[in-house]
Structure formats: structure tokens, C-alpha cells
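Engineer: Here's a sequence, model it:
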Amino acid sequence: MRKIIFIIMVGMLITLTAASAQAHMLWFNTNQHKADPGETVWIEIGWGHKYPRHEAINEGWVESIYALAPDGQKVTVEKIFPAFYRFTPTTKGTYRIIANLKSGFLSITKQGHKLGSKKDVTDVVSCFQYIMNAKGLIEVGGKKDGFSQESGRPLEIVPLKDPAGLEVGDTLPVKVMFRGKPLAGAKVQGIYSGFKTDEKKHWAVEEETDAEGIVHVKLSAKGQWLLKTGHKTPYPDKAEADEYSYSTSLTLGI
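Structural biologist: Predicted structure coming up:
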């Protein structure tokens, strides 16, 4: 058991070291963004910094994954493999799929990046506690109820229009919420499957939220989209860490 835990922690150290430098993300890939009641929906967890697929998420990294029905009730999601899950919606409306990465501390030291807080690691230059989650939307039965509901995560991207009803060329307004309040000045980045990145352009969309926490995303392509944002706040015990680092994503289809 100790050997297994050690292997997992070493793997997380390598991955999170890269995450701090290359902005790792957590997101969902699904086989569909619309379904019928009783139809199985397959879900893949995306991890890394190359969308839509990069690195495999390992066993033990995800703290929780579940679906929220249109009425807010939690629905069990069945794990097939560490990165693959499935669930069967039973009612009409928009289901929200939620995944939470296990939180922890990452320290930047003179020797490199190490897992652990200032109390665990020596020669720390800076340290943060990472809190990361992902959300995906599945519209069931052609009914739109539930797409704009918040899901209780600290940092969250909330669509203000039903994404499943939009077409290429339309604009999707989304609101970034932090602790239940609109977050102004948050950078929202967006990319779609098939987008060609280069040295100058890594995202199809890069915008900042206005005073109401809203940004308008121009949907320039059909298919699956990923929107992401982050936020940092001071950590209360400077002897342990310098800040909290929150990141979240929203996966949707048009």
C-alpha cells in the first residue's frame, strides 16, 4: 500500500511540476452533448495542457465526480477506468457533470517544484494551494432547464444562454462566479476541438470579464468547446503557503 501511494505521489509531483509552468487543465470530453432519458452518456476526463487530449489522469487524482440533475439532485457516475466514466440520465433538462481534483500544496523551491507546503519543504521561494475542478453540460430530452444553475464550486463558469441552442457565429455570454459572487477582471480563455494553435495564438478566445463578471464568447466553430479561468487569493497562514490558486473549466457543445 505504501509503495502504491509513493508511486502516485511521485507521478503527481512530475505532473504538477509541469502544471505550474505549462498551465495544466482539467476538463471533460463526452461522446455527446445531447441525450435522451435512459441513454448512457460516456465521459472522459481530460488532463494536461493540450486540448482535447494530452495526458492520462491517474488513479487517485480525482477526489470526486458526479452529475447534478436539473433539479439539483446528485446522480452517481460510474467509473470504468480512472479517466472514463458513464451515467444514465432519467429526466429531461440539463445535467451538469462535476469533477474535483484532489487539492494540495505545490512549492517552488531553489531546486525546482515540490509537492508540499512551506512546512513540509525547505528552501521555498513561493507556495500555493491548488483547487481545481471541471464542469460539463449534457442536455437531455431537448429541455433546457438547469444549464444556468450554479453547482456550488468555489470558482465556476456559468452560461447565461443555453449552449445547445446556439450555432456557429453566435455569441455565448458566460458569468464567472467566485464564492457565489460575480468575479470582475477574470481572464476567460476558450478553445474548440480542431483549433490550430501556433506560437502566437494558443486560444480561439481570450477575454476578461466585465464589472458584472460577464464575458461574451464568440463561437467560431461547431463541436466541443472548452472555457477555462483561474483566480488567486491570499493564503491566511503565510508560514504554510502564500496563496490559493483556483482553476475551473466548462465543457459544452454546439
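
Engineer: quick check: longest strand of the protein.
Structural biologist: Determined from DSSP state E, the single longest strand within the chain is strand 124-140.

Engineer: which helices and strands does that strand pack with?
Structural biologist: Judged by 3 or more C-beta pairs under 8 Å, 6 or more residues apart in numbering; DSSP states H and E, strand 124-140 is in contact with strand 25-30, strand 34-35, strand 41-48, strand 93-101, strand 104-109, strand 155-159, strand 243-253. For glycine as for every other residue, the C-beta is placed from the backbone atoms N, C-alpha and C.

Engineer: Try it again at 7 Å.
Structural biologist: Secondary structure elements in contact with strand 124-140, counted by 3 or more C-beta pairs under 7 Å, 6 or more residues apart in numbering; DSSP states H and E, are strand 25-30, strand 34-35, strand 93-101, strand 104-109, strand 243-253.

Engineer: Convert the C-alpha atoms of the fourth one to CSV, please.
Structural biologist: Coordinates of the C-alpha atoms in strand 104-109 are reproduced here as CSV (Å, rounded to 0.1, in the frame of the first residue of the first chain):
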residue,chain,number,x,y,z
GLY,A,104,-2.8,20.0,-2.2
PHE,A,105,0.2,22.3,-1.9
LEU,A,106,2.9,23.0,-4.5
SER,A,107,6.1,24.7,-3.5
ILE,A,108,8.5,26.4,-5.9
THR,A,109,12.0,25.9,-4.4
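
Engineer: List the buried residues in that strand.
Structural biologist: Within strand 104-109, the residues scored as buried using 16 or more other C-beta atoms under 10 Å are 105, 106, 107, 108, 109.

Engineer: Tabulate these (CSV), appending pLDDT and distance to residue 63.
Structural biologist: Shown next, in CSV, are these (pLDDT from 0 to 100; distance: C-beta to C-beta, whole Å):
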residue, pLDDT, distance to residue 63
105, 95, 15
106, 93, 16
107, 95, 21
108, 93, 23
109, 94, 26
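
Engineer: still on that earlier bit, which neighbours does the longest strand of the chain have in its sheet, and in what orientation?
Structural biologist: As defined by DSSP bridges, the strand partners of strand 124-140 come to strand 34-35 (parallel), strand 93-101 (antiparallel), strand 104-109 (antiparallel), strand 243-253 (parallel).

Engineer: Of all those strands, which one comes closest to residue 180?
Structural biologist: Distance to residue 180, taken as C-beta to C-beta, is lowest for strand 243-253 among those, at 13.5 Å.

Engineer: now the strands: where do they sit in the stretch 51-200 of the chain?
Structural biologist: Assigned by DSSP state E, counting those that start in this stretch, the strands in the stretch 51-200 of the chain fall at 62-68, 74-75, 78-81, 84-87, 93-101, 104-109, 112-115, 124-140, 155-159, 171-178, 181-182, 187-192.

Engineer: Name the residues of the first one that are buried.
Structural biologist: Residues of strand 62-68 classed as buried by neighbour count (16+ other C-beta under 10 Å): 62, 65, 66, 67, 68.

Engineer: Quick check: the two most widely separated of those residues?
Structural biologist: 62 and 68 (16.4 Å).

Engineer: Between the strands paired with strand 124-140, which one is closest to residue 156.
Structural biologist: strand 243-253 (5.8 Å).

Engineer: quick one: the closest one to strand 155-159, angle?
Structural biologist: Inter-element angle recorded for strand 243-253 and strand 155-159: 20 degrees (by axes from the mean of the first three to the mean of the last three C-alpha atoms, to 10 degrees).

Engineer: what are the C-alpha coordinates of strand 243-253, in CSV please?
Structural biologist: Taking Å, rounded to 0.1, in the frame of the first residue of the first chain, the C-alpha atoms of strand 243-253 are listed here in CSV:
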residue,chain,number,x,y,z
GLU,A,243,-1.9,31.9,-1.9
TYR,A,244,-4.8,29.8,-3.0
SER,A,245,-4.8,29.0,-6.7
TYR,A,246,-8.2,28.2,-8.1
SER,A,247,-8.9,27.0,-11.6
THR,A,248,-12.0,25.8,-13.3
SER,A,249,-13.3,24.7,-16.8
LEU,A,250,-16.6,24.4,-18.6
THR,A,251,-17.0,22.0,-21.5
LEU,A,252,-20.0,22.4,-23.8
GLY,A,253,-21.1,21.5,-27.3
